[in-house]
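Enquirer: sequence below, structure please.
(2 chains)
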Amino acid sequence: MSLLVLAAVAGMLIQLLLAVVPLAKTPRLEPSITTANPASVTLQAADPVPDWLPSYASDANWQVAGDRGIWFVIDERGILNGQVLQLDSAGLAPNYLAIGPLKVGPKTKVSLVNSPRSSLLVLEASGAYTFYDYWGNARYRGHTANYQAIHILPGDAGFLGVDHTRIDHWHWVREGGTPVFSLRQQMHFAAEVADVVIDPTGERILTLLGNKQLQVRSILSGRQIVEVSVSGRADKAYWLDSHQFGVSFSQTDDSQARANAWRMTGNIDQIGAQRLFQPLVYPGYSQASSIWQPLSSTVGNPIKLNVLPLLLGTFKTAVLALLFAVPIATGAATFVGYFMAPRYRNRIKPVIEMIAAFPTVVIGAIFAVAVVPFFLGALSQLLGALFVTPVAIALMAYALHRIGGTLSHTDRHSSLAIVLILPGGLVIALGAWLGLQIERLFFNGDLMRFVSATSGLDYQSHNSLLVAIAMGFAIIPSVFTVAEDAINSVPRSLGAGSLALGASQWQSFFHVVLPIALPGMIAAVLLGFGRAIGETMILLLLSGNAADAGFNPFTAVRSIAATLAIELPGAAVASTHFQVLVLAALMLFAVTFVFNTIAQVLKRRLMNRIGQVLS
Amino acid sequence: MTRYNFFAVLLVSLLPSAALTATPSLTISGSDTLAPLVTTWLQDFKSRYAGLRVEVQSTGSATVPTALAEGTVDIGVMSRQMTLEEISEFVTRRGFTPQSIPIARDALVVIVNKQNPINSLTLDQLDQIFSANARCSSYSWVGDWPELSKLSATLDQRIEAFSRTATSGSHGFFKSRVLCDGDYSPRVVEFEGFAALVDSVASTPGGIGYTGLRWVDERVKPLALSTFGTDGVAVSSSHIDYPLTRDMYFYWAQAPGTRLSPILCAFINYSQSSRAQELVVSQGLTPIVALAKSNGAKRDACD
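Expert: Below you'll find the model as predicted:
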């Protein structure tokens, strides 16, 4: 039976591993077309020029971006004319805007800009650029650098400037409402760059180097993906689709005209440590950032699959949940396992363990409805109660110690808990009231707003602290049970022996029982941690699912488990997004596996220790 | 005797299932914005086709391309158009492009908390609230309501922006229309459903979010929206001029030269019928019939 389970687990693991295997394959090339007739190779069709365009515009540069189209012509005097067309769903153009006449330099490119403030970008090879607004007025001007040739990237990703053996990628970022071009990266090549072709996804470039080498590079990383040498005078390089590129050779004295094409296979998106874990300067961003943005609806806007925010979110909430749950769970375990009379213990323990049977989705839903709207507002009350309660407990314990002489020995500790319930509730209420008064007096009645205004600390109603408390509730029973078992399995005779030698109950617990039970207690915490990082429903409902990479406990987070629940149904199998999700799932599995294994080893050690003590 | 009884029970229980395999069935999944409409349609449609088995799942628009490519659904309902990437993914798996037809038009309403004195926003301001890279507005992200609208009376609260998760078509529509295909700010909270989103806006003083018209109730305040340089337009039942209106689509897989199953094309044709479009109105959406007629492009899916 156990073999069957093992086989099932192994089968699932293999399935998951198979799904991510393509990520481990280095990009490779396989020849797809070899023909003597270059004209027979069908090229990736550019946006077809609509037949209703004026005849003089039919050979114009025509491009479509979203629901707008643009065409332009530059005549021999360097005068640019064109139109921006608003397309409707039938592909007709009810509204248009005339561009020009503008006096421009040679090799000028015009691009649509997807922004209501500036709709058109005119870029000259000399480096001068102008953003025009929707009414054709020049809004922003600037200068980059002088290039031999420029290639505008689709989707507002900027442009590539070619200068002999170097390609510069400029992208425009916003500085105080003004679009400004900034140099994103420089790519250096071993030979003169003869031609640059951008692929249909706008994420890769095909470069023809010195007429004898073809190299594909990623625009995002600037690194080479594949490379192939060609013999003969290469004439023109082109993309057939996002995975296939080719080159044609014109007829020369000693060779025939021909065309070759190759297909790229393997991890051509370069999903690796850099894209998964390092902050990157994405096109349009002014600084390097770790972004998880799996849905990209447009060409030239690469999907951003940085798992760092997800990992951080997972661990942040798990650690906070442990900070909340461990003191309560181990404290309760200590009391129930060592100090409490067995007749109480036998009732209390099942009750606490019953909470573990509570579906976490119910805890999450209750919190989402009843706690989220009030949580930040009640933070001062919470803090007040948190400060006042320990002080009051110490005071009450002292008082009980003074009056408790009449209670029998074992009953004293058990009844302590019961006696404490009523005044304990009153003390918590007192602490909350105090917190509220302090908030009113010193923080203008809104603690979070005050702290945020003075320190710049951000906060949101869905935050990791809230998740931690809800998740803490969910993991308290499991931590409690294992910890209590650890303490309870220490033979009573040991504690009794030390008590007989004159130790107090606390001394006996701290110096005799705890050292033996410690591995079991640590195992309890590790098991709790393993549960916390795998928890899904509470996070899905309470975390806000915002992939923010920060350590602030008051902002929304997104965990790996919640991301899997949200995005796996929408990710096409074998897509990069799917593979990265499975990889994240494997990371989650690896972490829980390690922690659970350590916990098991520690538990075994506890049993060994007890065995040694008894023998 | 008991043995005969057993066989009789077996036979009787097998009969309907044999009949069921013969009856036509429809599996529809996708946008949860449209789930209520599709359910209403199916109830009406089933009254004409006795014994029709239907299965409706609301899994989000982004799950449609995959489900259609895998052939697990007959019709995918999307609250946005398929992206080029989704179409090319479909083409690589099936070898032809998916078919689509608009079925209704909806407004995506931007809502704020009742306490918020603001009545209208520009799309620029929405971009500043929701976007990480401000592709539309060119202005950096704002976090406080007073920071956003300095002139009028504002709420002294942090802005809490609420959105849908990435599988939702509304998420994609908002991203392309309001964020100019930019990225959502990592601060934007995402919900699995509109009901939870509206609840959160209602209970968070600084909250702002977007939702389908049918989820708007008296606990939240819908905002008038304006594009750059125009007056704010409030959402109305006709949705004309409201900047965030979108068409919703049926998508299905039909290889060129093949015919759809009769029940499938009957249902697609039904969606374009005046009876179905009357039900569209009853759902608080705008019918598509007028648009199709004006284009003269009404098509018959059974051809």
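
Enquirer: low-confidence regions, chain A specifically.
Expert: Within chain A, the ranges that satisfy pLDDT under 70 run A:38-60, A:65-67, A:88-95, A:114-119, A:134-135, A:254, A:296-298, A:400, A:403-421.

Enquirer: for the stretch 151-300 of chain A, just list every one of the helices.
Expert: Here the stretch 151-300 of chain A has its helices, by DSSP state H, counting those that start in this stretch, at A:273-277.

Enquirer: who in it is up against chain B?
Expert: A:155-156, A:174, A:176-179, A:201, A:241-242, A:282, A:284-285, A:291-299 (C-beta under 8 Å from any C-beta of the partner chain). Backbone N, C-alpha and C define where each C-beta goes, glycine included.

Enquirer: which of these are buried, as a PyMOL select command?
Expert: Per 16 or more other C-beta atoms under 10 Å in any protein chain shown, the buried members of these correspond to this PyMOL selection:
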select buried, chain A and resi 155+156+174+178+179+201+242+282+284+285+291+292+293+294+295+296+297+298+299
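
Enquirer: so residue B:155 lies in a helix, does it not?
Expert: No: assessed by DSSP: H, G, I helix; E, B strand; the rest coil, residue B:155 does not belong to a helix; its assignment is coil.

Enquirer: measure the residue nearest to residue A:293 when sequence neighbours are not counted to residue B:259 for me?
Expert: Beyond its immediate neighbours in the sequence, the residue positioned closest to residue A:293 (C-beta to C-beta, 6 or more residues apart in numbering or on different chains) is residue A:304, lying 4.1 Å away. Distance of residue A:304 to residue B:259, given as C-beta to C-beta, to the nearest Å: 42 Å.

Enquirer: those two: which has the busier surroundings?
Expert: Comparing residue A:304 with residue B:259 by other C-beta atoms under 10 Å in any protein chain shown, the one with more neighbours is residue A:304, at 21 against 12.

Enquirer: all helices of the stretch 201-303 of chain B, in order?
Expert: Along the stretch 201-303 of chain B, counting by DSSP H, counting those that start in this stretch, helices occupy B:262-271, B:274-282, B:289-295.

Enquirer: out of those helices, which gets the lowest mean score?
Expert: In terms of mean pLDDT, the lowest-scoring of the helices of the stretch 201-303 of chain B is helix B:289-295 (a mean of 48).

Enquirer: test my guess that residue A:572 contacts residue A:581.
Expert: No: counting by C-beta atoms under 8 Å, residue A:572 does not reach residue A:581; the two are 11.0 Å apart.

Enquirer: comparing those two, which residue is more hemmed in?
Expert: Neighbours were tallied for residue A:572 and for residue A:581 using other C-beta under 10 Å; the higher tally belongs to residue A:581 (24 against 21).

Enquirer: list the buried residues of the one helix or strand residue A:530 maps to.
Expert: Here residue A:530, judged by DSSP states H and E, is contained in helix A:514-534. For helix A:514-534, the neighbour count (16+ other C-beta under 10 Å) marks A:514, A:516-534 as buried.

Enquirer: elements contacting it?
Expert: With contacts taken as 3 or more C-beta pairs under 8 Å, 6 or more residues apart in numbering or on different chains; DSSP states H and E, helix A:514-534 sits against helix A:308-334, helix A:464-488, helix A:560-567, helix A:576-614.

Enquirer: hmm, 6 Å instead?
Expert: If you count contacts as 3 or more C-beta pairs under 6 Å, 6 or more residues apart in numbering or on different chains; DSSP states H and E, helix A:514-534 packs onto helix A:308-334, helix A:464-488, helix A:576-614.

Enquirer: deepest-packed of these, please.
Expert: Counting by mean count of other C-beta atoms under 10 Å in any protein chain shown, helix A:464-488 has the highest mean neighbour count of the helices and strands packed on helix A:514-534, with a mean of 25.

Enquirer: could you give the angle of the helix or strand that that helix is followed by to helix A:576-614?
Expert: Sequence-wise, the next helix or strand downstream of helix A:464-488 (DSSP H and E) is helix A:492-500. In terms of direction (axes from the mean of the first three to the mean of the last three C-alpha atoms, to 10 degrees), helix A:492-500 departs from helix A:576-614 by 60 degrees.

Enquirer: phi first, then psi, for residue A:242.
Expert: Torsion angles at residue A:242 (phi, psi; degrees, to the nearest 10) stand at phi -70, psi -20.

Enquirer: right, and it touches residue A:201 too?
Expert: Yes: contact status for residue A:242 versus residue A:201: in contact at 4.8 Å, counting by C-beta atoms under 6 Å.

Enquirer: show me how far the helix holding residue A:530 is from its chain's centre.
Expert: Between the centre of helix A:514-534 and the centre of its chain there are 28 Å (C-alpha atoms, centre = their mean, to the nearest Å).

Enquirer: next SSE downstream of that helix?
Expert: Of the helices and strands lying after helix A:514-534 in sequence (DSSP H and E), the nearest is helix A:537-542.

Enquirer: which strands or helices does that next one pack on?
Expert: So helix A:537-542, by 3+ C-beta pairs under 6 Å, 6+ apart, packs with helix A:360-370, helix A:464-488, helix A:560-567.

Enquirer: what sits up against it?
Expert: Residues outside helix A:537-542 that contact it (C-beta atoms under 6 Å, 6 or more residues apart in numbering or on different chains): A:360, A:361, A:364, A:367, A:368, A:466, A:467, A:470, A:471, A:559, A:562, A:565.

Enquirer: ok, now which ones touch the fourth one?
Expert: Contacts for residue A:367 were tallied using C-beta under 6 Å, 6+ apart; they are A:470, A:542.

Enquirer: next one: the second one
Expert: Shown here is residue A:361, whose contacts under the criterion C-beta under 6 Å, 6+ apart are residue A:537.

Enquirer: that one and residue A:204, how far apart?
Expert: Per C-beta to C-beta, residue A:361 is found 43 Å from residue A:204.

Enquirer: same thing with the fourth one?
Expert: Computed as C-beta to C-beta, the residue A:367 to residue A:204 distance reads 46 Å.

Enquirer: try the last one
Expert: With distances taken as C-beta to C-beta, residue A:565 is found 32 Å from residue A:204.

Enquirer: of the two, which one has the most company?
Expert: It is residue A:204, of residue A:565 and residue A:204, that has more neighbours when counted by other C-beta under 10 Å, with 25 against 17.

Enquirer: for the residue nearest to residue B:278 when sequence neighbours are not counted, give me its contacts.
Expert: Nearest non-adjacent residue to residue B:278, counting by C-beta to C-beta, 6+ apart: residue B:287, 7.6 Å away. Contacts of residue B:287 were listed using C-beta under 6 Å, 6+ apart, and they are B:277, B:280, B:281.

Enquirer: go again with 8 Å.
Expert: Counting by C-beta atoms under 8 Å, 6 or more residues apart in numbering or on different chains, residue B:287 touches B:104, B:105, B:277, B:278, B:280, B:281.

Enquirer: please see if the helix or strand hosting residue A:98 touches chain B.
Expert: For residue A:98, the host element (DSSP H and E) is strand A:95-103. No: Strand A:95-103 lies apart from chain B when judged by C-beta under 8 Å from any C-beta; the minimum separation is 13.5 Å.

Enquirer: so what's the residue nearest to residue B:35 when sequence neighbours are not counted scoring on pLDDT?
Expert: Nearest residue to residue B:35, sequence neighbours excluded (C-beta to C-beta, 6+ apart): residue B:58, at 3.9 Å. Looking at residue B:58, its pLDDT stands at 83.

Enquirer: just want the most central residue of chain B.
Expert: For chain B, the residue sitting closest to the mean C-alpha position, by C-alpha atoms, centre = their mean, is residue B:79 at 3.2 Å.

Enquirer: next, give phi and psi for the closest residue to that one other than its chain neighbours.
Expert: Distance criterion C-beta to C-beta, 6+ apart; nearest residue to residue B:79, sequence neighbours excluded, is residue B:169 at 3.3 Å. With angles defined as degrees, to the nearest 10, residue B:169 sits at phi -70, psi -30.
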